[in-house]
Every structure is written in C-alpha cells, then in structure tokens.
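Student: below is the sequence, then the predicted model.
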Amino acid sequence: MHIGATGLNPSLTTSIQSTAEKIASGKQINKASDNPAAIQILQQFSSQIKGESAAFRNVIDGISAIQTAQGGLSQVTDSLQQLRELGIQAGNGTLNPSDRDAIQTQADELVAGIKDSLNGSTFNNRSLLNNADSLQTQTGSEADQQQSLSSFDLLTEFSDVGLFNLDFSLDNINDTLTNIDKALDIAEKANSAFGADQNRLESTANTLGNSILNQSSSRSQIEDADYAELITLMTKAQLSRDVEIAMLGQANANRGQVLQLLKT
C-alpha cells in the first residue's frame, strides 16, 4: 500500500504536532504564533513578577539590616542602663576612693563596649547606627517605589551629650546622670524609628508576596497546559489521522485494482 504524504490533511498533521509540543512543554503557549495577544500579556506578567521578586528580596535585606541595628542598639541600651545604675551607686557619699575608682573603671569598660557595639553592628558593611545618611531601598517594580530607612550617627550624638567623658566623682554625679539620661533618650528614639521602619517593610513584604502569588496564578491560568484537554484533542486527532490513512490506503488499493483490470 502506497500513501503519498500530500494525501494527508496538512492541518491535521499541524494540529497533532502543536498538541504534542504543548503536552511536552506543559505550556499552552510556546511561541507568539500560538496566541499573539496572550503572549504579550504573559510577557507583562513575567516582567512584573520578576521586578516584584527582586523588590521582595530588597525588602527582606532591609528588614535584616534593621534587625542587625536593633540587636546592636539593644546591647547599647543595656550598657546605658548599667551606667545609670553605677551613677546612682556613685552618688553614695559613704564610698571610699577605692570604691569610686572601681565604679569609674567599670563605667569606662561599659562605654568602650558601647563604642564596639556601634562600630560592629553592620549589615553587608553598612551600619544604621554610625551613619547619619538614610538608607534608600527599592521596594517595588516601579521607579518611584522606594522606602527610606532610618539611620543615625550615634557615636557623634552620644559624644555631643558627654557620654564618652563620664565622671563618677561625687561632685560631678548629677551631670553624669543627666548625660546618661540624654543618651538613653537618643537610643529610645532610634529604636522607635527602627521599629516603625520594620513594620512598614514587613507590610510591604506581605503586599509584594500576595501580588507575586496572584500574578503567578493569573499567568499560569493563561500559560499552563490543560493535560486532560490536550490528551483528548491528541487522541481525537490521531484517530482522525488513522481513519484518513485507512481511507487513503483503501483508495490506493482500489486504484490498483482498476489499473489491473485495465491491463487485463
């Protein structure tokens, strides 16, 4: 039996090939010719999802930077509270010079620890505790979607209120306690600002996460293949092709019989 390739329905063959490609790739749309209008929508979805995914990573980094700063600031606050306790203790007029020297030495060590905490609390070599320049981070896929994270030069601010020159002698204890209280106020304001920034970033992260999820779902509805439907179409197309081949085979057989009769 001889069947010429041109005898088969070209559109049927194309349909089988296209359906097989969709089943293999798992996608309803593999090239622009499959659906020119939908391919543009898919590209827009993909661009938006990629942009928001990058922004989401930025937001997470921003939260990590704030948490690093808060960790360092917590150590600073603890040290300030200990300094205040030493200041109150130093206000005891019954202390002898040796006792007062011990308090001063302990206070100096706490102050040195505060400096170490401020210098060491960095995220990716960037500190929010010893740099007054605010930190800008891209929190969306559009150019104007940015957030400014609070940043403080606490070394300078603490120095300005005399924290690094505390004198625990009885004559100067009032000034010392006042300076420590000023430093505590500075630390409290910084901590409050960091808390507000973190809340805002976490809200942005939730919004971005929901947006990415929803857009990914919408893209999948357009792009992903319906295997059940495609397999049904493939089966129908293959059956149609088999029937067509059988008919062409029968036609060729009949043609051969006619030619044989004519020869006879």
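Tutor: Right, received. Where do you want to start? Residues are numbered from 1 along each chain as shown.
Student: residues in contact with Gly162?
Tutor: Gly162 makes contacts with 175, 179, 182, as judged by CB atoms under 8 Å, 6 or more residues apart in numbering. All C-beta atoms are positioned from the backbone trio N, CA, C, and that covers glycine.
Student: any idea how far Gln198 is from it?
Tutor: The gap separating Gly162 from Gln198 is 30 Å, by CB to CB, to the nearest Å.
Student: ok, Arg126 next?
Tutor: In terms of CB to CB, Arg126 sits 16 Å off from Gln198.
Student: which of those two has more residues huddled nearby?
Tutor: Gln198 (19 against 15; other CB atoms under 10 Å).
Student: the more buried one against Ser64, yeah?
Tutor: No: Gln198 lies out of contact with Ser64 (CB atoms under 8 Å); the separation is 10.1 Å.
Student: could you pull out the buried residues of stretch 173-191?
Tutor: 173, 176-177, 179-180, 182-184, 186-187, 190-191 (16 or more other CB atoms under 10 Å).
Student: now that stretch: average pLDDT?
Tutor: The average pLDDT for stretch 173-191 rounds to 97.
Student: what does stretch 149-163 give?
Tutor: Mean predicted confidence for stretch 149-163 is 96.
Student: buried residues in that stretch?
Tutor: 149-155, 157-158, 161-163.
Student: burial check on Leu166, number of neighbours?
Tutor: With other CB under 10 Å as criterion, Leu166 counts 23.
Student: ok, now Ser121?
Tutor: 22.
Student: kindly report the same for Glu202.
Tutor: By other CB under 10 Å, 15 other residues sit near Glu202.
Student: so where do the strands sit in the protein?
Tutor: Applying DSSP state E to the chain gives strands spanning 122-123, 126-127, 135-138, 146-149.
Student: out of those, deepest packed?
Tutor: Mean neighbour count, computed with mean count of other CB atoms under 10 Å, is highest for strand 126-127 among those, reaching a mean of 18.
Student: how much space between the nearest residue to Ser150 once chain neighbours are set aside and Thr68?
Tutor: Among residues not flanking Ser150 along the chain, Ala193 sits closest, at 3.9 Å (CB to CB, 6 or more residues apart in numbering). Distance of Ala193 to Thr68, given as CB to CB: 15 Å.
Student: repeat for Gln145
Tutor: Per CB to CB, Gln145 is found 24 Å from Thr68.
Student: the two: which is more packed in?
Tutor: Shown here are Gln145 and Thr68; by other CB under 10 Å, Thr68 has more neighbours (19 against 14).
Student: quick check: the more buried one touching Ser121?
Tutor: Yes: using CB under 8 Å, Thr68 is in contact with Ser121, at 5.7 Å.
Student: need the residues touching each of those two.
Tutor: In contact with both Thr68 and Ser121: Leu128, using CB under 8 Å, 6+ apart.
Student: hey, where'd the helices end up in the stretch 51-200 of the chain?
Tutor: 97-120, 154-160, 173-223 (DSSP state H, counting those that start in this stretch).
Student: residue ranges with poor pLDDT in the stretch 101-250 of the chain?
Tutor: 223-250 (pLDDT under 70).
Student: cutoff 90 now
Tutor: Scanning the stretch 101-250 of the chain for pLDDT under 90 picks out 124-125, 132-135, 141-144, 215-250.
Student: what's near enough to touch the nearest residue to Leu110 once chain neighbours are set aside?
Tutor: Leaving aside its chain neighbours, Leu110 sits nearest to Ser79 (4.7 Å; criterion: CB to CB, 6+ apart). Residues in contact with Ser79 (CB under 8 Å, 6+ apart) are 110-111, 113-114, 117.
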